[in-house]
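[1] A structural model of the following input is requested.
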Amino acid sequence: MHPARRWSTALAALSVVAATACAAPVAGAARPAQLIDLPTGSGEPAPGIVVPPPQGNGQILEAIRLAAATPIVREQFPDRTNPCSTTGELVAPRDVEATSFPEGTVAPVLAKYGFVTAWRACASNAEGWWTVTQSAELSDPAAARHAVVELAAASLVSGERQTTVLGGATAQVRVEEETEVVQIWVPVGRLFGYVFHQAPAGVALAEATRLAEVHSRLLASFTPTPQAGVPDVPDDPAGLSELTVRPPGDAVRGSGPFDLEATLHSSTDPIADRALLTANGFRGSFRWLTYDGAHSYAAVLQAFPGPAQAEAVRQAFVTSDAGAEGRVPFTLPGAPDASCFRTDRSVPSLASFYQRCYASRGAHLVWVDIDAIRSVDDTAAMTTLLAAQIDLIDG
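    Residues are numbered from 1 along each chain as shown. Here you go, the predicted model:
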């Protein structure tokens, strides 16, 4: 079990302070100066396309469902242990474009074909090579088939060759010195999958094709919500939101009801965490990630069949964090049974500390994170939030 997995993921997720995508472009991705062609479109659905539902929580919730149709990068490539760019829901065409594509390329195509929502995962290895998997819902199967052709054309750059894999899926390949960069677009029903993969020349295409095949199988097993039903996707299927404390500030990407697959997308050791959570009967999770302009917060609640399972997972997480470099345990006033750690993230000009506290109550495991605390001894916010969280569970 990787000792830093939940801390690094939380820090990466909490750095997102807006609901729209704001990640840096994928290394080696298309650049405007090299584009062969640009799509034309009004930014509106084309005639005959089912108009997507109005923007709202339904797109976020449907995107979280799509996590189950999206391969978890670290399970497919165990060396890609570092988070990169955006992992999570993308609820508008501009959000998809902003993750890794030049402005004006993929957003018009997605809008044209009735984009509903998407889920994206990204992980990288020590060499800085990225792997991205992304699943998206469009208007209908014909829209998905046409969209992948136009999306591939819109992102094609000079020096890049196109080929087909998996019986007709479009793949684009280019070599940058000793690195091969591959993109694959796979339509499945009214869904499509996108794979971006960097690896040594002569290796990347085969690896990306294998990943795209896994992706297509997951997409084929997924049933998208009919467009008219997206606004009514259940916002709390496990009934956990009323037991989860809402930290200060505005909610950011990564908030909502997370099933096992969505939860594992946020783990840096999903193989170990899948085994741990499955063995202990994981029943679902709800999480709030917020930002108030000064601090980032996370409150996560996980449900299990009973106290023994919740405590077993708590102990595993605490043991993992206790063995990580830079984690300093501390006791929280008013909650002596909580397991708390802090990390010093200060720079010469600014003191900054990150805190996390775990607790289990009945069949529930909870943890609370606070980032950008300015004093090493300041536990006031954590004391308040954790007490409120425990009170919600205890009733």
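
[2] any low-confidence regions in the stretch 1-150 of the chain?
    1-43 (pLDDT under 70).

[3] can you pull out the helices in it?
    With DSSP state H, counting those that start in this stretch, the ranges of helices along the stretch 1-150 of the chain come out as 5-14, 57-66, 73-76, 93-100, 106-112, 141-155.

[4] burial count for Val376?
    14 (other Cβ atoms under 10 Å). In short, each C-beta sits where N, CA and C put it, glycine included.

[5] same check, this time on Asp259
    Asp259: 17 neighbours (other Cβ under 10 Å).

[6] phi, psi of it?
    Main-chain dihedrals, Asp259, degrees, to the nearest 10: phi -80, psi -170.

[7] quick one, what contacts the closest residue to it other than its chain neighbours?
    Closest residue to Asp259 apart from its sequence neighbours, by Cβ to Cβ, 6 or more residues apart in numbering: Gly284 at 5.9 Å. When contacts are counted by Cβ atoms under 8 Å, 6 or more residues apart in numbering, Gly284 touches Pro237, Ala238, Leu240, Pro257, Phe258, Asp259, Leu260, Gln302, Ala303.

[8] what do you get if the cut-off is 6 Å, keeping everything else the same?
    The contact partners of Gly284, by Cβ atoms under 6 Å, 6 or more residues apart in numbering, come to Ala238, Asp259, Ala303.

[9] show me which of those is closest to Trp129.
    Proximity of these to Trp129 (Cβ to Cβ) peaks at Asp259, which lies at 29.0 Å.

[10] what does the pLDDT read for the closest one?
    Looking at Asp259, its pLDDT is 96.

[11] re the thing from before, please convert the helices of the stretch 1-150 of the chain to TSV, extending it with mean neighbour count and distance to Arg314.
    Formatted as TSV, these follow (neighbours: other Cβ atoms under 10 Å; distance: least, Cβ to Cβ, whole Å):
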stretch	mean neighbour count	distance to Arg314
helix 5-14	21	12
helix 57-66	23	24
helix 73-76	22	23
helix 93-100	22	34
helix 106-112	24	41
helix 141-155	20	43
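
[12] nearest to Arg374, out of those?
    Going by Cβ to Cβ, the one of the helices of the stretch 1-150 of the chain nearest Arg374 is helix 5-14, 16.1 Å.

[13] for the nearest residue to His197 once chain neighbours are set aside, helix, strand, or coil?
    Spatially, and ignoring its direct neighbours in sequence, His197 is nearest to Ala208 (3.9 Å; Cβ to Cβ, 6+ apart). Here Ala208 takes the helix state, with states given by DSSP: H, G, I helix; E, B strand; the rest coil.
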